[in-house]
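Asks: Build the 3D model from these lines:
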Amino acid sequence: MSTRYFGTDGIRGPADGPLFEKAFLLKFSDGLIRYLRSSLAVKSPRIVIGRDTRETGSRIVEDLIEGFSRIPGECIDLGIVPTPAVANSVRVTEADLGIAITASHNPAEDNGIKLFSAEGTKFPETEEEKIEAFMLAPTEIPMGENADFSKTKRNGLASYLQASEILSVHLNLEDTTIVCDTANGATCESTPSILTSRGANLILTGNNPDGTNINLDCGSEHAEKLAKMVQESGATLGIAHDGDGDRVIFVDEKGSIVPGDQILGIFALHSMSKGSLVENTLVTTIQSNRGLDLAIQKAGGKVVRTDVGDRNVAFRMREIGASLGGESSGHIILHNYSTTGDGLLAALYLLRVLKETGKPLSQLRKEVPLLPQMTGNLRVKEKHPLSTCKTLIAEQAAIESTIGQSGRVMLRYSGTEPKLRFLVEAPMIEDCEAYMKRLLTAARTDLGEA
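Replies: Below is the predicted model of the structure:
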């Protein structure tokens, strides 16, 4: 069963669209109420809500709280906070549900809803299906505020920053210049606060949110500007958050953007050297570069892969008890310190690695050499099962036989578009180009092209 409203990371869409009209938000709150009551046996829920800097966020929060006010319970409004601060506050306040109003790295015109359980973890798809079923069923919850409902405001940053201190308490950054891009988003206060408290010389950009400029030519989606600033200032490191602070991209001291897979590899190798990487295992997704596996295996560790999405990484980490996981996109989960992707914690951890090794990031990244990689797409008329595409499967098998363990081929349909996606890794970029042409030709033979 697939969900109608939920995507790979909650609900997301144009803020002036049907998903964020008051009627829908009341229906959504109704579904959550009935889910909490029926599935979790919570009659008077405590719910924490935080948001990023989009001007539409406060209205969405107000509409949701109005919906929740129809039953006994409590809503705690955290104000503007990073998404990981919502996950932290759920646990700190012993709440039953956490809600982050954010569209992450999307432009200001969009907004979204991310849900967190009482444990501070994202909801699995099975639970989202239950919520949607309750949303679509006729309601019996009366309108009007319940006498036993309360709304309170809480400084969600205070407990979040306190929790972050576990990674920064012995971190001396007095000789460190950092360029920090907070994407005009939810980390504008939190990340600069922690870094300056450790003595860092901070150069800020993307730190003037006005409600309409989140992610606008700044943040993790536009790290080229940050790279130039690092190079011109002679900084030690560049840090770029996305709009809600659950992702981070880094720039080394030479002004080069460092792929997320190399950051994961640096973290894993450093943890292994200290004996702190549980089972010497890193969890990542099928999108991550094969070079990451080779570097970890060479050091005696292993890489476990999941489907795309930080939620899938987090679930797998809990299943096997892993302490480190993430995605090439910049989601990094340090399970000893957080239940979800956290850009600030990842930045603090990297700074600790730089201090403990005495090596610059440009040198550390060489320990995780990535294979040349090429991606491609083919728009198709119909998504026939790949197992029935005989020409394509034969071509894939032939290429995989040639490259062996020195690369890989991945084929998968897009979850949202009529496209077949290709990923090829090989020892040389010329090999990737040649293999990609062969795969596209074979796919057109079997599937045609829309």
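Asks: can you map out the strands along the stretch 151-300 of the chain?
Replies: 177-181, 201-205, 237-241, 248-251, 257-258, 281-285 (DSSP state E, counting those that start in this stretch).
Asks: What helix or strand is Ala394 located in?
Replies: Using DSSP states H and E, Ala394 falls within helix 390-403.
Asks: let me redo that: Arg444
Replies: helix 429-447.
Asks: circling back to that earlier point, return the most buried member of the strands of the stretch 151-300 of the chain.
Replies: Across the strands of the stretch 151-300 of the chain, averaging neighbours per residue (mean count of other Cβ atoms under 10 Å) puts strand 237-241 on top, at a mean of 29. All C-beta atoms are positioned from the backbone trio N, CA, C, and that covers glycine.
Asks: any idea of the mean pLDDT in it?
Replies: Strand 237-241 comes out with an average pLDDT of 98.
Asks: sorry, back to before: got a list of contacts for the helix holding Ala394?
Replies: If you take Cβ atoms under 8 Å, 6 or more residues apart in numbering as the criterion, helix 390-403 is touched by 386-387, 408-409, 411, 424, 426-427, 431, 435, 438-439, 441-443, 445-447.
Asks: Same question for stretch 35-45.
Replies: For stretch 35-45, the external contacting residues (Cβ under 8 Å, 6+ apart) are 33, 68, 71-74, 95-97, 127, 130-131, 134, 148.
Asks: if we can go back for a sec, elements contacting the helix holding Arg444?
Replies: strand 373-379, helix 390-403, strand 408-413, strand 419-425 (3 or more Cβ pairs under 8 Å, 6 or more residues apart in numbering; DSSP states H and E).
Asks: now, of the ones you listed, which is deepest in the fold?
Replies: By mean count of other Cβ under 10 Å, the helices and strands packed on helix 429-447 have strand 419-425 as the most buried, with a mean of 21.
Asks: Return the list of helices and strands in contact with that one.
Replies: Helices and strands touching strand 419-425, by 3+ Cβ pairs under 8 Å, 6+ apart, are strand 373-379, strand 408-413, helix 429-447.
Asks: Could you measure from the residue nearest the centre of the chain over to Gly309?
Replies: Note on the chain: the residue nearest the mean C-alpha position is His331, at 4.2 Å, using Cα atoms, centre = their mean. Remark: distance between His331 and Gly309 (Cβ to Cβ, to the nearest Å) = 9 Å.
Asks: before we move on, what about Asp246?
Replies: Taking Cβ to Cβ, one finds Asp246 at 12 Å from Gly309.
Asks: more crowded one of the two?
Replies: Asp246 (33 against 20; other Cβ atoms under 10 Å).
Asks: Look up how far Val169 lies from the more buried one.
Replies: For Asp246, the distance to Val169 (Cβ to Cβ) stands at 23 Å.
Asks: again, but for Glu232
Replies: Distance, Glu232 to Val169, using Cβ to Cβ: 32 Å.
Asks: re the thing from before, out of the helices and strands packed on strand 419-425, flag the one nearest Tyr5.
Replies: strand 408-413 (21.0 Å; Cβ to Cβ).
Asks: who's in contact with the closest one?
Replies: Strand 408-413 is contacted from outside by 286, 290, 383, 386, 392, 396, 399-400, 403, 419-425, 435, 439, using Cβ under 8 Å, 6+ apart.
Asks: Can you give the strand pairings for that strand, parallel or anti for each?
Replies: Using DSSP bridges, strand 408-413 pairs in its sheet with strand 419-425 (antiparallel).
Asks: Just the CA coordinates for the strand it pairs with, please, in PDB.
Replies: Taking Å, rounded to 0.1, in the frame of the first residue of the first chain, the C-alpha atoms of strand 419-425 are listed here in PDB:
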ATOM      1  CA  LYS A 419      11.800   7.800 -15.600                       C
ATOM      2  CA  LEU A 420      14.300   5.000 -15.400                       C
ATOM      3  CA  ARG A 421      17.400   6.200 -13.500                       C
ATOM      4  CA  PHE A 422      20.900   4.900 -14.200                       C
ATOM      5  CA  LEU A 423      24.100   5.000 -12.100                       C
ATOM      6  CA  VAL A 424      27.400   3.800 -13.300                       C
ATOM      7  CA  GLU A 425      30.700   3.600 -11.500                       C
END
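Asks: any idea of the angle it forms with helix 390-403?
Replies: Here strand 419-425 runs at an angle of 10 degrees relative to helix 390-403 (axes from the mean of the first three to the mean of the last three Cα atoms, to 10 degrees).
Asks: Residues contacting strand 419-425, please?
Replies: 287, 289-291, 371-380, 383, 399, 407-414, 432, 435-436, 439-440, 443, 447.
Asks: next one: stretch 138-155
Replies: Applying Cβ under 8 Å, 6+ apart, the contact partners of stretch 138-155 are 27, 30, 33-34, 44, 48, 65-66, 68-79, 89, 93.
Asks: Averaged pLDDT, it. What do you get?
Replies: Per-residue scores along stretch 138-155 average to 82.
Asks: So for it, first residue to last residue, what's the gap.
Replies: Start and end residues of stretch 138-155 are separated by 36 Å (Cα to Cα, to the nearest Å).
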